[in-house]
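Enquirer: Got a sequence here, can you build the structure:
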Amino acid sequence: MKSKWIIASILIVALIVLCGASLFAAWAGVTLAQKSGVRINLATNTVSAQTTETKNLSVNGPASLTVKSDFGDISVLGGPDGQVSVTAEKTAWGSSTADAQAALKDIKVNYDQSGNVIAITVQYPVEVNTLSIDHNSGGVKFTITVPKASAVSLASSTSDLTLSGTNGTANLQTDFGSINLSDVSAETFAKSNNGSLTAKNIGASGHKLTLSSEFGDITLTGATGTDVDASSNNGSMDLSGITASGLLKVTSQFGEIHVAGSQAGSAEFRSDNGMVNLEKIDLTGALTVKGSFGDLTVAQVMASSYDLKSANGKIELDGAQGPIKAYSQFGEVKVLNAKNASLDLSSTNGGVIFSGSLGAGPHSLKSEFGNISLSLPGDFKANVDMQTELGKISSDFDITVSGGGKPDEKHLVGKINGGGEMLNVRNNNGNITLQISK
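Expert: Predicted coordinates:
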């Protein structure tokens, strides 16, 4: 019994020594962390402290400015030549006034200048609280004025970025924040991983304009460039007043696309899960529009050719000319008010409707399940081959049947007004109707 008591006493003493060693190690670790700039906080940060710092940096000509700050909005404006003016509004938080003031002193704005090249960064203390290790002591809000011709690069993890009134190269990237651009005249790249992007009056003439958002809407009003590329994985796209000498490209994985009042060399639009609405666009080259789940509506868009495809949605094209290819698997295909069109129209599950005039052939219209209707001028000339499996053929035009036989309601081969370009119409489950347009 005595030996058991002795063993228990030894174990208790050993445990006390171990706890003491652990406390000493923890105290030593805290001391070392504090000396290295890590703040230890066991309370909730509810008290704030603020201060504002200003700095003027002289430059000879346009500057090249880079700003990196993870916490706090960044705004850069074009201003007079000769200097870069910085206003840094610092905010820190702590569990008390004294703690907040101490945290404020630990936030340091660093300036690195070599001639006209300026880099601004922020050094934050790492704060250790009872739950995590993070940079929750505060942040710095920047308002910066640069010569208008300056190149600007802004980067942040959590902040909003704003750039206005500059005509040097622009590069803006943020992970969790919005981007606002206005009156920028240069090659421009802007990307927000989780935030909206708004841009207006972007004059990137002779350069490329690229706007990208992973989770956020994109709005672009008034822009010029060689190529204009706007994309969002999860957001709507609204563009107007665009002039691109090369390619205008707009894509969205989950969101609607609306583009109006623009012009470009060629254009590509794609939405995997959302409608595409295009109106009043002038193209010297081809138009390509693709959708997986959503209607495609194209009105008053002039192009050298049209390629429209929708897996699950209707297609409506109004006021087109030249070669037109339009396919829908589940939806109606409608081409209205066309001029001198060359047709390749098809719907697996929907009707096909055409009105206007036809140009060079051959022309092809197909439907698996749905009626096919054509409205054409009275002087329309063509060789026709029309067939339906479950439906009938009717025509306002007099058709001279090949071989001199009688017209067949299921399969009709012949000539209209003496013949002309080839018109092939096939329907498995629906009627075929030819009307004289009024």
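
Enquirer: Next one: residue 50 from residue 122, what distance?
Expert: Distance of residue 50 to residue 122, given as C-beta to C-beta, to the nearest Å: 15 Å. Any C-beta I mention is one placed from the backbone N, CA and C, and that applies to glycine too.

Enquirer: The two: who's more crowded?
Expert: Taking neighbours as other C-beta atoms under 10 Å, residue 50 and residue 122 compare with residue 122 leading, 21 against 12.

Enquirer: Just confirm the more buried one is within a helix.
Expert: No: looking at residue 122 with DSSP: H, G, I helix; E, B strand; the rest coil, it is strand, so not inside a helix.

Enquirer: who touches the nearest residue to it once chain neighbours are set aside in this structure?
Expert: Among residues not flanking residue 122 along the chain, residue 69 sits closest, at 4.5 Å (C-beta to C-beta, 6 or more residues apart in numbering). The contact partners of residue 69, by C-beta atoms under 8 Å, 6 or more residues apart in numbering, come to 120, 121, 122, 139, 140, 142, 156, 159.

Enquirer: Now, of those, which are buried?
Expert: The neighbour count (16 or more other C-beta atoms under 10 Å) marks 120, 122, 139, 140, 142, 156, 159 as buried among the contacts of residue 69.

Enquirer: List the ones among those residues that fall in strands.
Expert: The strands, defined by DSSP state E, take in 120, 122, 139, 140, 142, 156 from the buried ones among the contacts of residue 69.

Enquirer: Determine which two of these are furthest apart.
Expert: Across those, no pair lies farther apart than 120 and 139, at 14.0 Å, counting by C-beta to C-beta.

Enquirer: Check for me that residue 98 belongs to a strand.
Expert: No: using three-state DSSP, the secondary structure at residue 98 is helix, not a strand.

Enquirer: pLDDT below threshold where in the stretch 251-400 of the chain?
Expert: Counting by pLDDT under 70, the stretch 251-400 of the chain has no low-confidence residues at all.

Enquirer: which residues of it fall in helices?
Expert: For the stretch 251-400 of the chain, helices defined by DSSP state H, counting those that start in this stretch do not occur.

Enquirer: and stretch 374-383, how far from the chain's centre?
Expert: In this view, stretch 374-383 has its centroid 43 Å away from the chain centroid, taken as C-alpha atoms, centre = their mean, to the nearest Å.

Enquirer: cool, and stretch 290-303?
Expert: Averaging C-alpha positions (C-alpha atoms, centre = their mean) puts stretch 290-303 17 Å from its chain's average.

Enquirer: Over to residue 207. Which of the three states is it?
Expert: With three-state DSSP as the criterion, residue 207 reads coil.

Enquirer: ok, it - contacts?
Expert: With C-beta under 8 Å, 6+ apart, residue 207 has these contacts: 186, 187, 188, 225, 226.

Enquirer: So which of those residues is the closest to residue 170?
Expert: Residue 170 has its nearest neighbour among the contacts of residue 207 in residue 188, at 4.5 Å by C-beta to C-beta.
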